[in-house]
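[1] please work out how this folds:
(2 chains)
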Amino acid sequence: MPLLNILGYPTIYETFAILPELLLVLFGCAALVLDVLLPRERKELTAYFCLAGIGTALLALWQVFETNRIRLPFTVFYGMIAVDGFSLTLRLVALVAAALAIAMAVKYLDVEEEQHGEYYALILFATSGMMFLSSGVDFITLYVGLELMALSVYVLVGYLKWNVQFHEKRGEKSSEAALKYFLMGAFSSAILLFGFSIIFGLTGTTNVEQVAGLLPGLFKANMLTTTGDARLMAIMGIALVAAGLFFKIAAVPFHMWAPDAYEGAPTSVTAFMSVGPKAASYAMLARIFLVAFAPLRVTGDPQIPGWAVMFGVVAALTMTVGNVAAVTQQNAKRLMAYSSISHAGFILLGFVAGNEMGYAGAVFYLMAYTVMNLGAFGVLLSLRSEERVGDKLDDLNGLYQKQPALALMMLVCLLSLAGIPGTGGFMGKFYLFGGLIQAGNKWMNILAVVAALNVVISLYYYARFIKAMFTGKEKEEAPVTLSPPLHATIVLTVILVLVMGLYPQPFSQLSRFAVERLGPPTPPQAAQK
Amino acid sequence: MTIQQIVFIVFALIITAGGVGVLVQRNPLYSAFSLILSFIGLAAMYILMGAQFLGVIQIVVYAGAIMVLFVFVIMLLNVRDDELHPDRHKYLLYIGVPLGLGLIAEVFYVVTRVQIAPAITDMHATGTVGTVERIGVGLLTEYLLPFEATSVLILMAVIGAMHLAKREKE
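    Numbering: from 1, shown residues only, chains lettered A, B, ... in the order given. Model (predicted):
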């Protein structure tokens, strides 16, 4: 509509592309107002209101796809936001994760006596940040989206109050976790920004595609004589950006915050932050490394390894450290934290592989991980009752006798997390490993073997859950709080996990649609590296 | 010597004097005031480089808002003289001085050796960078979306801070 665009302002059609985000922010603000209007015992209506908001955003997202189907991909808002397969798919994942997390939290917050509208509003704000992360194609948009998401999550981690008599201990833990997470997060954001500023200083642009166009020039041999250190500066910038992002996805050696934050946060927040923000951080990692820094994935120069080598080392470390540390944990939330660290390593394998199968595998794995992890956390949430916190591994004891159906659903989620055939987790690992092997390189084959060994280790600690549920004896009776929304969410996640495992075609098609335009065509050097 | 060079030297001396003042004052309040001096000199430097907006913001935000916050904290804590033990941290001297020298060497290296990206030198040549007009236009066109997203971010931060600070009735 060029007529409407005389002034150079974004037209209504451009604004339409971010309609889902706008709706989320609107519903978030409305939820805050609604919270004030509702009487104390009806506060949970805010949750259903926010679910409706996410439903509306999902419809809007579908409309964005449907009306723009033929002209995909394109950018709006002066090249700040991309509407392409990747952004649409990852935005879908963010919305689904948020919807499931809200549905799970409704009754849990009643038990914690912390039923406030702010909780749901913050989740909506975080989700809009996650969606900006998925669709941003400019360092500035990406950074603002990241902070919008991260700040909301810091607050959510410290959501439990100190002064509620009964939960004194929990409130203290929650505040401590939030403070640790906040300090570390702020620090990593600073490192990330430092990296961005170096890249901006070298290229003079913040747009990911323009950076991709200018970076290889810095590595040309003749640049060496005139600028001396352009290559070093570029490497430093990339390393700093990588460090900041590795922190956000909790990859080793930047994973130390995860166990504390996951343990101290309210369990419903742990469930949310282990999937939604993680998936969104991966979206940012993909957008930066698979687009902006894509030319340096593998450099032609034998003295300068591309970032694929760094990612390979980090992936191997992340998987191994996460899995080995998880083996000895007694606290279920801490164990899940280490398990999520190791999953972060698995997803990085897709980046290392550097081919379509690897990238699509990473997206598929993110989808499968989102639903299976939320399912497992749903079961942990049901253990929380007036009498106990329900975050110990022993609290699962005897679950099969009390709630056989729930125990079986937990079993499906755990088997999927471990990667047993027939579940979504298996298909995800299958694609990731396939991508590595397809790359046909000695080091990548070694990496695949390391990953396979890690699957074996992870089987051990997931089996500990299973052992507790089926053979463990409960010391003291405690009821299982299984509210209808929580129950429905767990059933839904289990169905999704099974569908992904048994009939993965629609999901693998969606992942391939997502990564269609990511990454450069593999350069010839890649084969020899 | 051009007028610009003279102005530069005057304000460079003010900045340095302010920086030294922060270090040598025994009373933290005087240190804070020295920091304001340093900030004002820095603002003049920005204006000298054609970044008027940044210069004004430097005074309003740093010399104004942030320094008020510093002074408030110092006055609220109200540390007495006998509680200050500046001698206890003598060993920091041995870490601080080499780090400072390293920083000076680094700045020297950057100033003499590093080439600025062509896109940025172009912006300086056309004189469009840093003016209030350029920033206003930028915020409402090219950077409209991040700008608006930041306002959502601030709204969210206010709500979050309120929630965390709110004490419930017993």
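[2] can I get the CA coordinates of stretch B:40-55 in CSV?
    The C-alpha coordinates for stretch B:40-55 follow below in CSV (Å, rounded to 0.1, in the frame of the first residue of the first chain):
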residue,chain,number,x,y,z
ILE,B,40,30.2,17.6,33.3
GLY,B,41,33.6,17.7,31.6
LEU,B,42,32.6,14.5,29.8
ALA,B,43,29.4,16.1,28.6
ALA,B,44,31.4,19.0,27.2
MET,B,45,33.6,16.5,25.3
TYR,B,46,30.5,14.9,23.7
ILE,B,47,29.2,18.4,22.6
LEU,B,48,32.7,19.1,21.2
MET,B,49,32.4,15.9,19.1
GLY,B,50,29.0,17.0,17.7
ALA,B,51,27.0,14.7,19.9
GLN,B,52,24.8,17.4,21.4
PHE,B,53,22.1,15.0,22.5
LEU,B,54,24.5,12.7,24.3
GLY,B,55,26.1,15.7,26.0
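[3] buried ones in it?
    Judged by neighbour count (16 or more other Cβ atoms under 10 Å in any protein chain shown), stretch B:40-55 contains these buried residues: B:40-47, B:51-55. No exception for glycine: its C-beta is placed from N, CA and C like everyone else's.
[4] out of these, list just those in helices.
    Judged by DSSP state H, helices contain the following of the buried residues of stretch B:40-55: B:Ile40, B:Gly41, B:Leu42, B:Ala43, B:Ala44, B:Met45, B:Tyr46, B:Ile47, B:Gln52, B:Phe53, B:Leu54, B:Gly55.
[5] on that earlier part again, check the buried residues of stretch B:40-55 and tell me the two furthest apart.
    B:Gly41 and B:Phe53 (17.7 Å; Cβ to Cβ).
[6] so who does the closest residue to chain B within the stretch 401-529 of chain A touch?
    Closest residue of the stretch 401-529 of chain A to chain B, Cβ to the nearest Cβ: A:Arg517 (21.0 Å). Applying Cβ atoms under 8 Å, 6 or more residues apart in numbering or on different chains to A:Arg517 gives the contacts A:Pro73, A:Asp84, A:Gly85, A:Phe86.
[7] which of the ones in helices among the buried residues of stretch B:40-55 scores worst on pLDDT?
    Among these, B:Gln52 has the lowest pLDDT, at 83.
[8] pLDDT weak spots in the chain?
    Since no chain was named, I'll use chain A. Scanning chain A for pLDDT under 70 picks out A:1-11, A:162-171, A:220-229, A:300, A:519-529.
[9] wait, I meant chain B there
    For chain B, the stretches with pLDDT under 70 are B:79-87, B:114-130, B:167-170.
[10] strands of chain A, start to end?
    A:74-76, A:81-83 (DSSP state E).
[11] to chain B, which of those strands lies closest?
    Nearest of those to chain B, taken as Cβ to the nearest Cβ: strand A:81-83 at 6.3 Å.
[12] and that closest one, anywhere near chain B?
    Yes: between strand A:81-83 and chain B, judged by Cβ under 8 Å from any Cβ of the partner chain, the touching residues are A:Ile81.
[13] ok, so what distance separates A:Glu113 from chain B?
    From A:Glu113 over to chain B the distance is 9 Å, taken as Cβ to the nearest Cβ, to the nearest Å.
[14] please apply the same query to A:Leu383.
    Applying Cβ to the nearest Cβ, the value for A:Leu383 to chain B is 25 Å.
[15] with adjacent residues omitted, what lies nearest to that residue?
    Excluding the flanking residues, the one nearest A:Leu383 by Cβ to Cβ, 6 or more residues apart in numbering or on different chains is A:Gly390, at 3.2 Å.
[16] could I get the buried residues of stretch B:40-55 as TSV with distance to A:Pro259?
    Supplementary listing: the buried residues of stretch B:40-55 in TSV, determined by distance: Cβ to Cβ, whole Å:
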residue	distance to A:Pro259
B:Ile40	46
B:Gly41	46
B:Leu42	42
B:Ala43	45
B:Ala44	49
B:Met45	46
B:Tyr46	44
B:Ile47	49
B:Ala51	44
B:Gln52	49
B:Phe53	44
B:Leu54	42
B:Gly55	46
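[17] of all those, which comes closest to chain A?
    Closest approach between the buried residues of stretch B:40-55 and chain A, by Cβ to the nearest Cβ: B:Leu54, at 14.9 Å.
[18] quick check: chain neighbours aside, which residue is closest to the closest one?
    Using Cβ to Cβ, 6+ apart, the closest residue to B:Leu54 is B:Tyr46 (4.4 Å).
[19] list the contacts of that neighbour.
    Counting by Cβ under 8 Å, 6+ apart, B:Tyr46 makes contact with B:Gln52, B:Leu54, B:Gly55, B:Gln58, B:Gly130.
[20] switch the cut-off to 7 Å
    Shown in contact with B:Tyr46 (Cβ atoms under 7 Å, 6 or more residues apart in numbering or on different chains): B:Leu54, B:Gly55, B:Gln58.
[21] residues in contact with the residue lying closest to A:Asp391 once chain neighbours are set aside?
    Take A:Asp391 and drop its neighbours on the chain: the residue closest to it by Cβ to Cβ, 6+ apart is A:Lys333, 4.8 Å away. Contacts were defined as Cβ under 7 Å, 6+ apart; by that measure A:Lys333 touches A:Tyr262, A:Glu263, A:Thr267, A:Thr270, A:Asp391.
[22] highest neighbour count among the residues you listed?
    Sorting the contacts of A:Lys333 by how many neighbours each has (other Cβ atoms under 10 Å in any protein chain shown) puts A:Tyr262 first, at 29 neighbours.
[23] need the contact list for it.
    A:Thr270, A:Ser274, A:Lys333, A:Arg334, A:Met336, A:Ala337.
[24] may I ask which two of the residues you listed are separated the most?
    Pairwise distances across the contacts of A:Tyr262 peak at 12.0 Å for A:Ser274 and A:Arg334 (criterion: Cβ to Cβ).
[25] among the two, which residue is more densely surrounded?
    Between A:Ser274 and A:Arg334, counted using other Cβ under 10 Å, the more crowded position is A:Ser274 (30 against 21).
[26] okay, now A:Thr320: neighbour count?
    Using other Cβ under 10 Å, A:Thr320 has 18 neighbouring residues.
[27] could you do B:Leu37 as well?
    B:Leu37: 17 surrounding residues under other Cβ under 10 Å.
[28] that one: which element?
    Element membership for B:Leu37, per DSSP states H and E: helix B:28-48.
[29] now A:Val137: how far from A:Gly440?
    In this view, A:Val137 and A:Gly440 are 31 Å apart by Cβ to Cβ, to the nearest Å.
[30] oops, could you answer that again for A:Leu415 instead?
    31 Å.
[31] would you confirm that A:Ser174 contacts A:Leu156?
    No: contact status for A:Ser174 versus A:Leu156: not in contact, 9.6 Å apart, counting by Cβ atoms under 7 Å.
[32] list of residues touching the helix or strand hosting B:Leu13?
    Taking DSSP H and E as the criterion, B:Leu13 maps to helix B:3-24. Identification of contacts with helix B:3-24 by Cβ under 7 Å, 6+ apart yields B:Ser31, B:Ser34, B:Leu35, B:Leu37, B:Ser38, B:Gly41, B:Leu42, B:Ala44, B:Met45, B:Leu48.
[33] what angle do helix B:28-48 and that helix make with each other?
    Calculated by axes from the mean of the first three to the mean of the last three Cα atoms, to 10 degrees, helix B:3-24 forms an angle of 160 degrees with helix B:28-48.
[34] residue ranges of the helices in the stretch 201-350 of chain A, please?
    Using DSSP state H, counting those that start in this stretch, the helices of the stretch 201-350 of chain A run over A:208-218, A:221-227, A:230-248, A:257-264, A:267-287, A:307-327, A:332-353.
[35] mind putting those helices into CSV with distance to A:Lys475?
    Output for the helices of the stretch 201-350 of chain A, formatted as CSV (distance: least, Cβ to Cβ, whole Å):
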stretch, distance to A:Lys475
helix A:208-218, 55
helix A:221-227, 68
helix A:230-248, 39
helix A:257-264, 22
helix A:267-287, 21
helix A:307-327, 23
helix A:332-353, 16
